[in-house]
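Engineer: Need coordinates for the below:
(6 chains)
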There are 4 protein chains.
Amino acid sequence: MVLQNDQKSQKRDLIIQAAARVFAQKGFAGTIMADIAEEAGIGKGTIYEYFESKEDLFFAVFEWFTQELTSLAMVSVSTLGGTASERLMTLGESLVKAGMGMEDMFSLSMEFWAASVSSQMKNRFKEVFKQVYMDFRRIISALIRDGIERGEFRPDVDPESLAAVLVGSWDGLLLQAWFDPAFDPLSTARNFMSVIIKGLRANPSQERQGKTEHRKG
Amino acid sequence: MVLQNDQKSQKRDLIIQAAARVFAQKGFAGTIMADIAEEAGIGKGTIYEYFESKEDLFFAVFEWFTQELTSLAMVSVSTLGGTASERLMTLGESLVKAGMGMEDMFSLSMEFWAASVSSQMKNRFKEVFKQVYMDFRRIISALIRDGIERGEFRPDVDPESLAAVLVGSWDGLLLQAWFDPAFDPLSTARNFMSVIIKGLRANPSQERQGKTEHRKG
Amino acid sequence: MVLQNDQKSQKRDLIIQAAARVFAQKGFAGTIMADIAEEAGIGKGTIYEYFESKEDLFFAVFEWFTQELTSLAMVSVSTLGGTASERLMTLGESLVKAGMGMEDMFSLSMEFWAASVSSQMKNRFKEVFKQVYMDFRRIISALIRDGIERGEFRPDVDPESLAAVLVGSWDGLLLQAWFDPAFDPLSTARNFMSVIIKGLRANPSQERQGKTEHRKG
Amino acid sequence: MVLQNDQKSQKRDLIIQAAARVFAQKGFAGTIMADIAEEAGIGKGTIYEYFESKEDLFFAVFEWFTQELTSLAMVSVSTLGGTASERLMTLGESLVKAGMGMEDMFSLSMEFWAASVSSQMKNRFKEVFKQVYMDFRRIISALIRDGIERGEFRPDVDPESLAAVLVGSWDGLLLQAWFDPAFDPLSTARNFMSVIIKGLRANPSQERQGKTEHRKG
DNA sequence: CATGAATGAGGCTTCATTCAT
DNA sequence: GATGAATGAAGCCTCATTCAT
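Structural biologist: From the prediction side, this is the model:
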């Protein structure tokens, strides 16, 4: 029997997602192939029909992970209307919520970060991460630039730097929340965003009013 | 001959620091005890005179690491005079510089983060991390509160949230720099701080000063 | 549709010959069933329609191999006319040439020899080999005996021993040629045969003729 | 504790010889490292203190094997006095006896031959074999040349070819004996040698003497 | 009949840890 | 106290074989 391409790819995805769960819980080194096979409900050897090695599978999980994350951001940005401020707030919230909601997601992140230090494929990990972070910064800096052009934000902020900081702080807040369940990254992020946005306002007097004027479309 | 306590502890430190270098480069899983012994210039068996196990040693490295980091922050804060703004800026810079300067430091961080996911001692790692991040936030929020009390910052900011964001963004910026050598976390942090501080200013008329000083490029 | 017997047997042969090529190149242990299937242009599972197991197939290749070899000898011997000396020379040459010409043949030989040491079917291999070598010795000793009867060879040689040595030396020379491409088993065999035949001559006065014709270089 | 060099090398030899026995009986593929460890009375892991891999160990056994064989031949040749004929006879006998007496030796040979076909180190095997066979041929052709110079052998034989045949026939006879316990390679070799030596005699009138001396029984 | 996806037993190898010196 | 040779548990991966299609 010849599996159709989408059947093959479906099974591949099945394995990737099972692996993602196991890696998230036990880490790369702590995961044994048998665990993944069991989680996926298949035989140990079957994994090797779809992936060259444990590391290859891990990298595939990584690629799937970045895909998910990127598409999440894309959706947030493209869907939302509103002022640049609002869209920034919402993007931030949805990313932080994603990190919080899918606890596994964030654990995986940390494993991938570590893989970029010591994995044998560290350079490939770094390369992909570099690209992902650039993409995120680009999305956000575009939002900010848009706000500046509309006169919503002060013209003297550096969109690139701010974008980097926003991205960084989301990672950083999730990190703190990871260690301390009592820490609420979401409200912290909101608080922070409001300070940021105050700092960004082109016309401080507008703060209280007028935020709908710059509605898209 | 019985080694004096400080001789023992000196050798212990020797091992810890050798281990730190190796762990930073090869990760926990990728490091073998023989590497550490060689780096420390001692026999493999000797390590076990000072540490129960590989994981125990790794945790000792972690404790040493947090110590170093904390004392760095302590020094920055206690040494510096000046306005709250200035002190905030300087603390941020010195932490980011530390992360940049000692590349090993940041690699280690990532390994520790990962250990908090999957190490068998994950709970002990999380506990210590939680404490370290709380300490950092406390230091910084104290600085901010001080600024508010002096009338330097607006009274309506939440010192806790801002502190958390600052800490988070330093981590987050170093992370981005880790993946992209072209990314400059220091100037990004500076730019960011100036926006933050604008947002914090009790008296917006002060905005005009000092803002360009920290501008990138 | 049910394959006719000769269709079945044709496919069986196809597989055997594909397997022979692969075994010759990669050895028994180094060969995987997938290689054979690919070489034969069929599916992996199909092999099991014709053979019980890898070892069973290997043994079938062995039987095919001995068949080929034996029939080669038969043809040489039965076809040729001439004196016993000439027929001996020609048989030797054609066997050595066979070993040289089909490099795979000799590699296979070595694999079969090894199989007689450690294969799970080693006894069956030994049994067949024993028979094959006996057959060869019988053919050759018959030739020699024929020469003696004709008065061409001295009556005091032991046809059995000499036959064994001839067979053995052909194997042995091919072996040396296998390891050293510069070694020419054919001219060596010729030189050797001429010495042998001198030793065999019933009438030493014949010695002077023909002896140098087969001299190397 | 630091093992002395000869202690290390002693243990290495212990492992090599244990491995030789197991490889001889089960073949390379059929041997598992645990068998060797058990045969050597050591732990599985210990083997890897002395050898890189299973194949590395196998090759070490091969080198030990060729050493043994070569020194056996050296001893035979250097020890013996007598005519060239006698020395040739004795060398042949002692090699054949060696192959017969140490059954393992010959099984090993076959494994090594097969390794030269399909092992991953086949080229190294072939290289060593080539050298070993050259050495053997050189020893024997020197003996023959010596016989020619003394006037014992006819000047028109080609020492190289004959040496190759002798070496080859010893291998070939042992091979036949391997498959057929009823086959006696020793008396066959003796019979053969006497024919050869007749063919070699410088003075045919000597033929009548001495020929029966080496007859079996 | 033919196929090749799925399987899991089995083996090589690594490496943390022990312990005799 | 210091050492490093010895160990064996454990895990990645291979591949002969099966069987649903």
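Engineer: Outside of stretch A:8-25 itself, list whatever touches it.
Structural biologist: Stretch A:8-25 is contacted from outside by A:3, A:31, A:35-36, A:39-42, A:46-47, A:50-51, A:57-58, A:60-61, A:64-65, A:103-105, A:107-108, A:111, B:117-118, using C-beta atoms under 8 Å, 6 or more residues apart in numbering or on different chains. For glycine as for every other residue, the C-beta is placed from the backbone atoms N, C-alpha and C.
Engineer: can you give me the mean pLDDT across it?
Structural biologist: For stretch A:8-25, mean pLDDT rounds to 93.
Engineer: Is it positioned near DNA strand E?
Structural biologist: Yes. Against DNA strand E, stretch A:8-25 shows contacts by C-beta under 7 Å from any atom of the strand at residue A:11.
Engineer: export that stretch as CSV, just CAs?
Structural biologist: C-alpha atoms of stretch A:8-25 as CSV (Å, rounded to 0.1, in the frame of the first residue of the first chain):
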residue,chain,number,x,y,z
LYS,A,8,2.2,10.5,5.2
SER,A,9,2.3,14.1,6.2
GLN,A,10,-0.5,13.6,8.6
LYS,A,11,1.3,10.8,10.4
ARG,A,12,4.4,13.0,10.4
ASP,A,13,2.4,15.7,12.1
LEU,A,14,1.0,13.2,14.6
ILE,A,15,4.5,12.2,15.6
ILE,A,16,5.7,15.8,15.7
GLN,A,17,2.9,16.8,18.0
ALA,A,18,3.4,13.8,20.3
ALA,A,19,7.1,14.5,20.4
ALA,A,20,6.4,18.2,21.2
ARG,A,21,4.4,17.1,24.2
VAL,A,22,7.1,14.7,25.5
PHE,A,23,10.0,17.1,24.8
ALA,A,24,8.1,19.9,26.6
GLN,A,25,7.8,17.8,29.7
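Engineer: quick revisit: any of the contacts of stretch A:8-25 buried? List them.
Structural biologist: A:31, A:35-36, A:39-40, A:42, A:47, A:50-51, A:57-58, A:60-61, A:64-65, A:104-105, A:107-108, A:111, B:117-118 (16 or more other C-beta atoms under 10 Å in any protein chain shown).
Engineer: Can you list which of those residues are found in helices?
Structural biologist: Using DSSP state H, the subset of the buried ones among the contacts of stretch A:8-25 located in helices is A:35-36, A:39-40, A:47, A:50, A:57-58, A:60-61, A:64-65, A:104-105, A:107-108, A:111, B:117-118.
Engineer: Residue nearest the middle of chain A, spatially speaking?
Structural biologist: For chain A, the residue nearest the mean C-alpha position is residue A:69 (4.1 Å; C-alpha atoms, centre = their mean).
Engineer: if I pick that residue, what's in contact with it?
Structural biologist: Residues in contact with residue A:69 (C-beta under 8 Å, 6+ apart) are A:98, A:105, A:132.
Engineer: Could you chop chain A up by domain?
Structural biologist: A:1-51, A:55-203 (automatic domain parsing).
Engineer: which stretches of chain A have low pLDDT?
Structural biologist: By pLDDT under 70, the low-scoring segments of chain A are A:1-6, A:79-81, A:201-217.
Engineer: Mind giving me the packing neighbours of the helix or strand where residue A:191 lies?
Structural biologist: Per DSSP states H and E: residue A:191 is located in helix A:185-200. Packing partners of helix A:185-200 (3 or more C-beta pairs under 8 Å, 6 or more residues apart in numbering or on different chains; DSSP states H and E): helix A:84-101, helix A:159-179, helix B:159-179, helix B:185-200.
Engineer: Give me the buried positions along that helix.
Structural biologist: By neighbour count on 16+ other C-beta under 10 Å, the buried set for helix A:185-200 is A:185-186, A:188-200.
Engineer: which ones are touching the nearest residue to residue A:155 once chain neighbours are set aside?
Structural biologist: Among residues not flanking residue A:155 along the chain, residue A:148 sits closest, at 5.5 Å (C-beta to C-beta, 6 or more residues apart in numbering or on different chains). Going by C-beta under 8 Å, 6+ apart, residue A:148 touches A:154-155, A:157, A:159, A:202.
Engineer: out of those residues, which is most surrounded?
Structural biologist: Counting neighbours by other C-beta atoms under 10 Å in any protein chain shown, the top entry in these is residue A:157, with 22 neighbours.
Engineer: where's it relative to chain C, distance?
Structural biologist: The spacing between residue A:157 and chain C, counted by C-beta to the nearest C-beta, to the nearest Å, is 61 Å.
Engineer: In three-state terms, how would that residue be classified?
Structural biologist: Remark: residue A:157 carries the secondary structure label coil [criterion: DSSP: H, G, I helix; E, B strand; the rest coil].
Engineer: May I ask you to confirm that it is in contact with residue B:195?
Structural biologist: Yes. Counting by C-beta atoms under 8 Å, residue A:157 does reach residue B:195; the two are 5.9 Å apart.
Engineer: can you list residues touching both of those two?
Structural biologist: What both residue A:157 and residue B:195 touch, as defined by C-beta under 8 Å, 6+ apart, is the set A:199-200.
Engineer: Surely the residue nearest to the centre of chain A forms part of a helix?
Structural biologist: Yes. Under three-state DSSP, residue A:69 falls within a helix.
Engineer: Mind listing what's buried along the lengthiest helix in chain A?
Structural biologist: As assigned by DSSP H, the longest helix anywhere in chain A is helix A:122-149. Buried residues in helix A:122-149, counted by 16+ other C-beta under 10 Å: A:124-126, A:128-130, A:132-137, A:139-141, A:143-148.
Engineer: Contacts for stretch A:171-183, please.
Structural biologist: Stretch A:171-183 is contacted by residues A:96, A:99-100, A:106-107, A:109-110, A:184-185, A:188-189, B:113, B:116, B:126, B:129-130, B:133-134, B:137, B:164-165, B:167-172, B:175 when judged by C-beta under 8 Å, 6+ apart.
Engineer: Buried residues in it, which are they?
Structural biologist: For stretch A:171-183, the neighbour count (16+ other C-beta under 10 Å) marks A:171-180, A:183 as buried.
Engineer: Now for these: which two are most distant?
Structural biologist: The most widely separated members of those, counting by C-beta to C-beta, are A:171 and A:180 (15.4 Å).
Engineer: For residue A:54, see how far away residue A:35 is.
Structural biologist: Remark: distance between residue A:35 and residue A:54 (C-beta to C-beta, to the nearest Å) = 11 Å.
Engineer: I meant to write residue A:133 there.
Structural biologist: 26 Å.
Engineer: same deal with residue A:15?
Structural biologist: 12 Å.
Engineer: Of the two, which one has the most company?
Structural biologist: Higher neighbour count among residue A:15 and residue A:54: residue A:15, with 23 against 18, using other C-beta under 10 Å.
Engineer: On the three-state scheme, that one is what?
Structural biologist: Put simply, residue A:15 is helix when judged by three-state DSSP.
Engineer: List, one by one, the residues from chain A near DNA strand F.
Structural biologist: A:1, A:31-34, A:44-45, A:48, A:53-55.
Engineer: ok, 10 Å please
Structural biologist: With C-beta under 10 Å from any atom of the strand as the criterion, chain A meets DNA strand F at residues A:1-2, A:26, A:28-37, A:43-49, A:51-58, A:120.
Engineer: just those residues that are near DNA strand E?
Structural biologist: Okay, of those touching DNA strand E (C-beta under 10 Å from any atom of the strand), that's A:1-2, A:29, A:33-34, A:37, A:43-49.
Engineer: Would you format those residues as TSV with distance to residue B:87 included?
Structural biologist: Formatted as TSV, those follow (distance: C-beta to C-beta, whole Å):
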residue	distance to residue B:87
A:1	70
A:2	69
A:29	41
A:33	52
A:34	54
A:37	55
A:43	61
A:44	57
A:45	61
A:46	59
A:47	54
A:48	57
A:49	60
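Engineer: Among those residues, the buried ones, what's the ChimeraX command?
Structural biologist: Buried residues within those, by 16+ other C-beta under 10 Å, are selected in ChimeraX with:
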select /A:29,33,37,47
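Engineer: Closest to residue B:73 out of the ones next to DNA strand E among the residues of chain A next to DNA strand F?
Structural biologist: residue A:29 (31.0 Å).
Engineer: Thanks again, I'm all set now.
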